[in-house]
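Engineer: Here's my sequence, what's the structure:
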Amino acid sequence: MSPIYAIGDIHGELGLLEHALDLVEADGGTEALTVFLGDYVDRGPDSRKVLDLLVSGQKLGRNWVFLKGNHDRMFEWFLQTPSRIDPNLFIDLSWLHERLGGQNTLMSYGINFSERYRLNALHSAALSAVPDSHLKFLANCELSYETDDIFFCHAGVRPEVELRKQSEDDLLWIREEFHNYMGRYPKLIVHGHTPIEHATHYTNRVNLDSGSGYGKSLTAAVFEGTKCYSLYPKGRVQLLATR
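Structural biologist: Below is the predicted model:
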């Protein structure tokens with residue numbers, strides 16, 4: 001069986017992304033099929049450069065699959081006219097809140113602003129600064145990717161709903177209902193979205209979000225069938241189920 005690689009949430013951390021790509025190439029070569037689990041932007045300092053790298057690889061024909069994360073959709077929706085607010089956010093938050101990191105994304109495009117900056121002016125500045133290639137990239141990211149054994153998505157799936165019938169909001173935002181479910185899914189679910197200390201295999205799902213954007217690491221992993229290995233400079237380490 002052919003291995004398939006996956007990279008967790010990046011969150012504007014260019015150096016960590018470059019390191020993860022080096023690990024994938026060292027293990028699987030330049031043609032390795034690699035699934036990115038989304039959340040390319042926000043929190044870290046280099047969202048623009050992250051998207052530049054991914055768009056460049058896409059243009060070169062790299063065997064890369066890009067999934068959409070909730071942060072990517074928030075950025076995409078902010079750039080629409082008029083801007084859209086994600087209804088999954090708590091009422092005291094917005095994409096520009098420091099907790100979510102949208103301000104860091106805009107600053108990576110050279111946009112400087114303060115709290116007294118008007119939203120319509122900021123929106124216009126963003127439309128002028130963000131390249132069309134980035135807008136197209138965000139719009140064209142997939143919601144899921146699957147093999148015979150694995151279902152890749154950003155956040156997770158709603159239990160007891162067929163994989164092909166999952167809603168976009170759940171694929172981008174779900175947490176507690178998914179994490180608390182102990183039953184089996186038709187396929188192993190591989191996801192990010194919820195940062196943890198290190199990539200973890202929970203028998204029915206694998207979480208690859210190891211905290212990039214929070215000063216922690218970015219996980220690169222490889223799957224052979226349903227066997228999962230984290231990649232390190234010295235090689236593979238198998239992720240064994242914890243429950």
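
Engineer: CA atoms for contacts and neighbours, from now on please.
Structural biologist: Noted.

Engineer: Identify the residues contacting the residue nearest the centre of the chain.
Structural biologist: Centre of the chain computed as the mean C-alpha position; nearest residue by CA atoms, centre = their mean is residue 38, 1.7 Å away. Residue 38 is in contact with 8, 9, 10, 66, 67, 68, 69, 70, 72, 154, 192, counting by CA atoms under 8 Å, 6 or more residues apart in numbering.

Engineer: just residue 102 next, same as before
Structural biologist: 41, 42, 43, 75, 95, 96.

Engineer: same thing but at 10 Å, please
Structural biologist: 41-44, 47, 71-72, 74-75, 78, 94-96, 108 (CA atoms under 10 Å, 6 or more residues apart in numbering).

Engineer: ranking those by neighbours, who comes first?
Structural biologist: residue 41 (33 neighbours; other CA atoms under 10 Å).

Engineer: Tell me if I'm right that it and residue 54 touch.
Structural biologist: No: counting by CA atoms under 10 Å, residue 41 stays clear of residue 54, with 11.6 Å between them.

Engineer: I'd like to know how many residues surround the nearest residue to residue 224 once chain neighbours are set aside.
Structural biologist: Ranked by CA to CA, 6 or more residues apart in numbering and with sequence neighbours excluded, the top spatial neighbour of residue 224 is residue 3, at 4.9 Å. If you count neighbours by other CA under 10 Å, residue 3 ends up with 15.

Engineer: go on, residue 183?
Structural biologist: Neighbours around residue 183, by other CA under 10 Å: 9.

Engineer: List the contacts of it.
Structural biologist: Per CA under 10 Å, 6+ apart, neighbours of residue 183: 159, 160, 203, 204.

Engineer: Could you tell me which of those count as buried?
Structural biologist: Listed as buried from those are 159, 203, 204; burial here means 16 or more other CA atoms under 10 Å.

Engineer: name the element the second one belongs to?
Structural biologist: The one in question is residue 203. Assessed by DSSP states H and E, residue 203 sits outside every helix and strand.

Engineer: And it, how far from residue 239?
Structural biologist: 10 Å (CA to CA, to the nearest Å).

Engineer: Verify the contact between residue 30 and residue 5 for me.
Structural biologist: No: the criterion here is CA under 10 Å, and residue 30 misses it with residue 5 at 11.7 Å.

Engineer: Just give me how far the longest helix seen in the chain sits from the chain centre.
Structural biologist: If you go by DSSP state H, the chain has its longest helix at helix 14-28. Remark: helix 14-28 is offset 15 Å from the chain centroid, using CA atoms, centre = their mean, to the nearest Å.

Engineer: Also stretch 52-67?
Structural biologist: The answer for stretch 52-67 is 14 Å, by CA atoms, centre = their mean.

Engineer: May I have the secondary structure class of the nearest residue to residue 45 once chain neighbours are set aside?
Structural biologist: Leaving aside its sequence neighbours, residue 45 sits nearest to residue 12 (CA to CA, 6+ apart; 5.7 Å). At residue 12, secondary structure determined by DSSP: H, G, I helix; E, B strand; the rest coil is coil.

Engineer: where do the helices sit along the chain?
Structural biologist: Under DSSP H, the chain gives helices at 14-28, 47-59, 70-78, 102-108, 119-129, 132-140, 168-173, 176-179.

Engineer: could you dump those helices to JSON lines with distance to residue 198?
Structural biologist: Formatted as JSON lines, the helices of the chain follow (distance: least, CA to CA, whole Å):
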{"stretch": "helix 14-28", "distance to residue 198": "14"}
{"stretch": "helix 47-59", "distance to residue 198": "22"}
{"stretch": "helix 70-78", "distance to residue 198": "21"}
{"stretch": "helix 102-108", "distance to residue 198": "24"}
{"stretch": "helix 119-129", "distance to residue 198": "34"}
{"stretch": "helix 132-140", "distance to residue 198": "27"}
{"stretch": "helix 168-173", "distance to residue 198": "20"}
{"stretch": "helix 176-179", "distance to residue 198": "16"}
